[in-house]
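Engineer: One predicted model, sequence on top.
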Amino acid sequence: MNPIDLSDVYSDEYTAEIETYRRFISNFINQIFLKYFVESGLIDQKTQSELVSPDFLPSLTAVNFVKKMLEHYLDAGTIAVSDADKIIIKTPIVDTDPGDSQLDKFLAENPSRQNFYQILRDIRDIIGDVLFKGEDALLTLANDNFHKAMELWEDLMVNAEVKKPCHQLVLRTLSEKLQKSKELSIFEGGAGVGAILREAMAVPEIVAEIDKIHSYYYTDISLSLIKMGRKWLRENAPSGFPDRTTFKVVDLDKMEIGTEAYTQPESLDMIILEHVLYDVTDLHKTLTLFRQTLKPDGMLIFTMAYRQSPKYFFPFEFLQSSFQSYNKAKLEPGYRENLGYLTLSEWDASLKRAGFERYDSYPAADESIKWPYGGIVAYPSK
């Protein structure tokens, strides 16, 4: 398959979207650091090592969130660590939007962004429970108001403009594969509320060929999210497609070759993983299984943000860093050295070791600081 053209997606308009996100979320991080570490006196009371110690913080999620926040400031030269291992603020850390007045003005002018920024604001507001009580941000929000949290999460998954390149990469690859195939068997892991299929149903080229999909395995670890996606598809998808769709709770970490229809060797034409592959515990095991289940002309499509230096990147993993699931990966020197999102070089090494010698990455490597969100289309070596 030829590389997918996303030049109309990675545009000046999209760049402005990313920079707006970077500005507001960077300030959320400043607000958190000021409230919980400066104004509370913690950076005066604790050494840098103590601030990221499991003996002080209640969970691995809290430890890694604080580590990444400190690395963000250290890499930018905003703070330093003294010989006595104390945090020194070299450049004033300022709340540039007290009371969120600028954010509120932006949202009043852009109401379609309201839910996206609301869930990020909600996470900022309960981050103290994550850092000092060991809670998971999304579970905390769901416990406070389940229906509101699920509504915000649904909107985040479906409508987040920052993820537009991720969705378009999957949709355009699917469209091209459909046009060149007689029939397809597709597995989607971490399908959630069905963001990819919802957008697919609005693409005429996909809808015209959708009868070629004889099996679609719609899977997620959350039954609640599957029910939301199933309801939408049954009400909105073309007749017959929901009947060819298998809705199933699947933990990607527990998949084994040959145990299900979708894990039979060389049984799948396409595997789709929209913002989920970086969450698996054993990346090599999962990638190897996917390579085994793909047909020789099959493809693995997965999306994510590409890890960059901390001064640029932490705002783009602020959300995920508050979730416990983001911190469970098994690390391997040379292949996976970071929890959560990976660098392109980590993906390169991990894919090739698992038998995906050829792949296309989006955006180009030298543009992933400017545009961190994208994905990879990988092909099994058989």
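Structural biologist: Yep, it's here. Values in this document were obtained by computation on a predicted structure and should not be read as measured data.
Engineer: For the stretch 201-350 of the chain, which segments count as strands?
Structural biologist: Along the stretch 201-350 of the chain, counting by DSSP state E, counting those that start in this stretch, strands occupy 213-220, 245-249, 268-274, 294-305.
Engineer: Most tightly packed of the ones you listed?
Structural biologist: For the strands of the stretch 201-350 of the chain, the stretch with the most neighbours on average is strand 268-274, a mean of 24; neighbours defined as mean count of other C-beta atoms under 10 Å. Glycine gets a C-beta too; all of them are placed from N, C-alpha and C.
Engineer: Give me the contacts around that strand.
Structural biologist: Residues outside strand 268-274 that contact it (C-beta atoms under 8 Å, 6 or more residues apart in numbering): 166-167, 170, 173-174, 177, 181, 184-192, 195-196, 262, 290, 293-295, 297-303.
Engineer: ok, of those, which come out buried?
Structural biologist: Applying 16 or more other C-beta atoms under 10 Å to the contacts of strand 268-274, the neighbour count classes 166-167, 170, 173-174, 177, 184-192, 195-196, 262, 290, 293-295, 298-303 as buried.
Engineer: for this protein, what's the longest helix?
Structural biologist: Assignment by DSSP state H gives helix 12-33 as the longest helix of the chain.
Engineer: helices and strands around that one, which ones?
Structural biologist: In this structure, helix 12-33 makes packing contacts with helix 60-76, helix 101-109, helix 114-125, helix 164-179, judged by 3 or more C-beta pairs under 8 Å, 6 or more residues apart in numbering; DSSP states H and E.
Engineer: Find the centremost residue of this structure, please.
Structural biologist: Among the residues of the chain, His275 comes closest to the average C-alpha position under C-alpha atoms, centre = their mean, at 3.8 Å.
Engineer: isn't it right up against Thr303?
Structural biologist: Yes. In terms of C-beta atoms under 8 Å, His275 counts as a neighbour of Thr303; the distance is 5.5 Å.
Engineer: Pull up the overlap in contacts between those two.
Structural biologist: 163, 166.
Engineer: Show the model's pLDDT score for Phe65.
Structural biologist: The model reports Phe65 with a pLDDT of 97.
Engineer: What is the burial count for it?
Structural biologist: 26 (other C-beta atoms under 10 Å).
Engineer: Not counting its neighbours along the chain, what's nearest it?
Structural biologist: Of all residues not flanking Phe65 in the chain, Ser321 sits nearest, at 4.8 Å (C-beta to C-beta, 6 or more residues apart in numbering).
Engineer: How much space separates the one you found from Ile18?
Structural biologist: 18 Å (C-beta to C-beta, to the nearest Å).
Engineer: Could you do Asn115 as well?
Structural biologist: Distance, Asn115 to Ile18, by C-beta to C-beta: 18 Å.
Engineer: wait, what's in contact with Ala329?
Structural biologist: Contact analysis of Ala329 by C-beta under 8 Å, 6+ apart lists 278-281, 283, 336, 339-340.
Engineer: Generate the PyMOL command that creates a selection of the buried members of these.
Structural biologist: Applying 16+ other C-beta under 10 Å to those leaves a buried subset, and the PyMOL line that selects it is:
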select buried, resi 278+279+280+283+336+339+340
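Engineer: Restricted to helices, list the contacts of Ala329.
Structural biologist: Leu283.
Engineer: Which single one of the contacts of Ala329 is nearest to Arg22?
Structural biologist: If you rank the contacts of Ala329 by distance to Arg22 using C-beta to C-beta, Gly340 comes first, at 17.8 Å.
Engineer: I'd guessed that closest one sits against Ser321; true?
Structural biologist: Yes. Gly340 lies in contact with Ser321 (C-beta under 8 Å); the separation is 6.9 Å.
Engineer: Report the buried residues of stretch 374-382.
Structural biologist: 374-380.
Engineer: do stretch 70-87 as well
Structural biologist: Taking 16+ other C-beta under 10 Å as the criterion, stretch 70-87 shows 70-76, 78-79, 86-87 as buried.
Engineer: Just put those residues in JSON lines and tack on pLDDT.
Structural biologist: Putting these into JSON lines (pLDDT from 0 to 100) gives the following:
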{"residue": "Leu70", "pLDDT": "98"}
{"residue": "Glu71", "pLDDT": "97"}
{"residue": "His72", "pLDDT": "98"}
{"residue": "Tyr73", "pLDDT": "98"}
{"residue": "Leu74", "pLDDT": "98"}
{"residue": "Asp75", "pLDDT": "97"}
{"residue": "Ala76", "pLDDT": "97"}
{"residue": "Thr78", "pLDDT": "97"}
{"residue": "Ile79", "pLDDT": "97"}
{"residue": "Lys86", "pLDDT": "97"}
{"residue": "Ile87", "pLDDT": "97"}
